[in-house]
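Visitor: Sharing a model prediction with you, sequence too.
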2 protein chains.
Amino acid sequence: MSGEEAAAQQPKTEEQKQDTKPEEDKQNEQQPPPAQEAEKPQDEASYKSLVLSGYGGYDKVKLQVKKGELVPKAGEVLVRVKACGLNFADLMGRQGLYDRLPSPPVTPGMECSGVVEGLGEGVTDRKLGDKVIVMNRAGMWQEVVTVLTSHTFLMPEGMTFEEAAAIPVNYITAYMMIFDFGNLRPNQSILIHMAAGGVGIAATQLCQTVKDVTIFGTSSASKHDAIKENGVTHAIDYRTMDYVDEIRKLSPKGVDIVLDPLGGSDTCKAFNLLKPMGKLITYGAANLLTGQKKNLMAVAKTWWNQFSINAMQLLQSNKAVCGYHLGYLDEEMELVGGVLSKILDLYKQGKIKPRVDSVWPFQQVGDAMRQMQERKNIGKVILVPEAEKEEKKEEN
Amino acid sequence: MSGEEAAAQQPKTEEQKQDTKPEEDKQNEQQPPPAQEAEKPQDEASYKSLVLSGYGGYDKVKLQVKKGELVPKAGEVLVRVKACGLNFADLMGRQGLYDRLPSPPVTPGMECSGVVEGLGEGVTDRKLGDKVIVMNRAGMWQEVVTVLTSHTFLMPEGMTFEEAAAIPVNYITAYMMIFDFGNLRPNQSILIHMAAGGVGIAATQLCQTVKDVTIFGTSSASKHDAIKENGVTHAIDYRTMDYVDEIRKLSPKGVDIVLDPLGGSDTCKAFNLLKPMGKLITYGAANLLTGQKKNLMAVAKTWWNQFSINAMQLLQSNKAVCGYHLGYLDEEMELVGGVLSKILDLYKQGKIKPRVDSVWPFQQVGDAMRQMQERKNIGKVILVPEAEKEEKKEEN
């Protein structure tokens, strides 16, 4: 993905009017490339792209029309994007809290699905018309993308583009945490925070591929029916209850695995909740995200409460502390690709089924981000290049 | 195990003459119970027991003859001990560095093998004459012991008592580290420090039950033939080489698992040697043991260099840090017993074979400890109650 020249096509939405605070924004914002006319010339190729213009609120991601034509290099394919996934890391990146996202102006997006429309020199393992899942460090929120074929994976028969875009980040994250670090086995128990989120939904489904696993899942009460239907054994409303107390009531010795996307003091609670031989897997710092812009108090508090441990404490407790973030595995495509293959096998066997919360056209990316950041979603938030797909939102 | 009344049978050995430093000893030593006559009265029952009289050097463990008869309580069995295992924790305990050993005077020993000679009330799962492996928090270095049947495990056909005493602590430790925390899978790589030690020998054998595992093993050069014969792929002489450099030469990306019995700065090196998704399992602090008595400088240095990590560092590195010590799992007999069953199955299948380094009679416990502490052993150091078994030492 190249093309920093771009055309702002985005009309002002209610979202933007509401949230733009020009004074603060200017401090964080790097100057975006000059905007082009929204109407593209008929005889010139162009493509739509979402561009993060600078760190800040929802309005910092703008729809632009980039001029020119993307041409796949040797070993690359050109993919016409049909659907993109939105992830917590994208929200962190927008606030300047995720160091794997290149500096703005930049097109975010770590995953998408689409159709192969062009082949670079020497590409033999993909053909025109292939439906593929694509993973990349960034740049996937775009109408067309060019990527190395090693970053593409054939979609199984019968999978929708929205499902395909909902799989990579959430399911790979959940899979590697549960089966590599977590080493989940029959009759064990696990605590899944944010069980209605993308990773939470994926993790809950994957845990059920192992016999007799007890799943404690937290979410707000309004989502309890949904997470139970997805497989959570004990749903806990973290807003009105102390989840530690609730778990201890049901399982006095604690749990075998905790997946911790929260950070700060919740990581310490997770460690204390572990049984002997238990594993804590920390994979995010959602506690940092208190509003749409970086909250220095939240950063300071999360940092201050950050879990830290030494070798002797670990040894005497017989516990494991693991850190996971797919974004830092971008040089491990072989490893990650192998995991995705196993996940697609589980999909084919009907053992997992991505749950799409909502589908948003590119121009509503702000609303899509708000949906996730305000934790309204149950399952995956999807972006699509075409506005006509908007009606899908109602279906879910 | 009761009986703090005891008879000192141990004659002064060269060992003791050489190492006793009465001035220092008195500071650490608690007063042992009054010694009885070495010659036991003919009409009174008694049994030999090794007793740690106070913290210090090799001479702090003394052979005593305890008066009276041990009687198994309800749920217990009486076992006539045939062989006992010596472990690093026993060396640490003698120096006052292991908090799971009750205060002196106390009989050390976490494992033994023997024959059931008495049944407590309600015992139905063991019968007289059963050959058993026994595990306990302490107290196994004794001619007869009483333990709950849940702490006993039937010896497989064809296993010698020395082998049986060599299995529990070393193999359970290695097994849980490799297959629970480590989650070792085909084609992975592992660094095993002290590969000629009890855990090292066990770990090397267990790794070979998984396909195509590359084993880096450290030991002094004189033991390289032995550890290679046991299955180490690349033997590294840690005394003359930098093991980190040697491993990086052969495997530039590092290794998937490091078993770390050393502590201090070696734990940091281990963490840095891990590949993404790698697991560091720290299970000891052998760096503390520089001589036969507690070395405050070594303690301070190991403490100062102690590995410490926070959640964010872990997350960004995609690594796991695990702490393991069987001694702190003494309330988890069901879990531990399940692991031992799997180990005994592997023994029956011929996939593992304990290596006994040497067999020492109780009265030579000081020599036995020295053998291990000075890292002269290849495999397990065994203690036996009967002096007549001494010739076995030469066989190995």
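Guide: Yep, that arrived. Numbering: from 1, shown residues only, chains lettered A, B, ... in the order given.
Visitor: Correct me if wrong: A:T149 contacts A:A74.
Guide: No: judged on C-beta atoms under 8 Å, A:T149 makes no contact with A:A74 at a distance of 10.4 Å. C-beta coordinates here come from the backbone N, C-alpha and C atoms, glycine included.
Visitor: Those two: which is more packed in?
Guide: A:T149 (20 against 9; other C-beta atoms under 10 Å in any protein chain shown).
Visitor: and A:H224, how many neighbours does it have?
Guide: Neighbour tally, A:H224, other C-beta under 10 Å: 18.
Visitor: how much space is there between it and A:H193?
Guide: Noted for A:H224: a distance of 14 Å to A:H193, by C-beta to C-beta, to the nearest Å.
Visitor: related to what we said a few turns ago, so what sits against both of A:T149 and A:A74?
Guide: Shared contacts of A:T149 and A:A74, defined by C-beta atoms under 8 Å, 6 or more residues apart in numbering or on different chains, comprise A:V123.
Visitor: ranges for the strands of the stretch 151-300 of chain A?
Guide: For the stretch 151-300 of chain A, the strands defined by DSSP state E, counting those that start in this stretch cover A:152-154, A:189-192, A:214-219, A:234-237, A:255-260, A:274-282.
Visitor: nearest to chain B, of those?
Guide: Distance to chain B, taken as C-beta to the nearest C-beta, is lowest for strand A:274-282 among these, at 4.7 Å.
Visitor: just how off-centre is the closest one within its chain?
Guide: 24 Å (C-alpha atoms, centre = their mean, to the nearest Å).
Visitor: Same question for stretch A:180-199.
Guide: That offset, for stretch A:180-199, works out to 17 Å (C-alpha atoms, centre = their mean).
Visitor: Let me see the mean pLDDT of that stretch.
Guide: Regarding stretch A:180-199, the rounded mean pLDDT is 98.
Visitor: try stretch A:86-95
Guide: For stretch A:86-95, the per-residue pLDDT averages 93.
Visitor: Do that stretch and chain B come into contact?
Guide: No: remark: stretch A:86-95 sits outside contact range of chain B, by C-beta under 8 Å from any C-beta of the partner chain, the gap being at least 11.5 Å.
Visitor: got it, and stretch A:305-320?
Guide: Yes: residues of stretch A:305-320 are located near chain B by C-beta under 8 Å from any C-beta, namely A:306-320.
Visitor: From those, pick the one nearest A:V244.
Guide: The closest of the residues of stretch A:305-320 next to chain B to A:V244 turns out to be A:F307 (C-beta to C-beta; 14.6 Å).
Visitor: How about the contacts made by the closest one?
Guide: Contacts of A:F307 by C-beta under 8 Å, 6+ apart are A:T267, A:C268, A:F271, A:T282, A:V321, B:N310, B:A311.
Visitor: Mind doing that once more with 7 Å?
Guide: For A:F307, the contacting residues are A:T267, A:C268, A:F271, B:N310, B:A311, by C-beta atoms under 7 Å, 6 or more residues apart in numbering or on different chains.
Visitor: Leaving out the residues flanking it, which one is nearest to it?
Guide: A:T267 (3.7 Å; C-beta to C-beta, 6 or more residues apart in numbering or on different chains).
Visitor: Run through the residues that contact that neighbour.
Guide: A:D260, A:T282, A:F307, B:A311.
Visitor: who touches A:P72 in this structure?
Guide: A:L78, A:G118, A:L119, A:G120, A:T146.
Visitor: so the last one is in which element?
Guide: Element membership for A:T146 (DSSP states H and E) is strand A:144-148.
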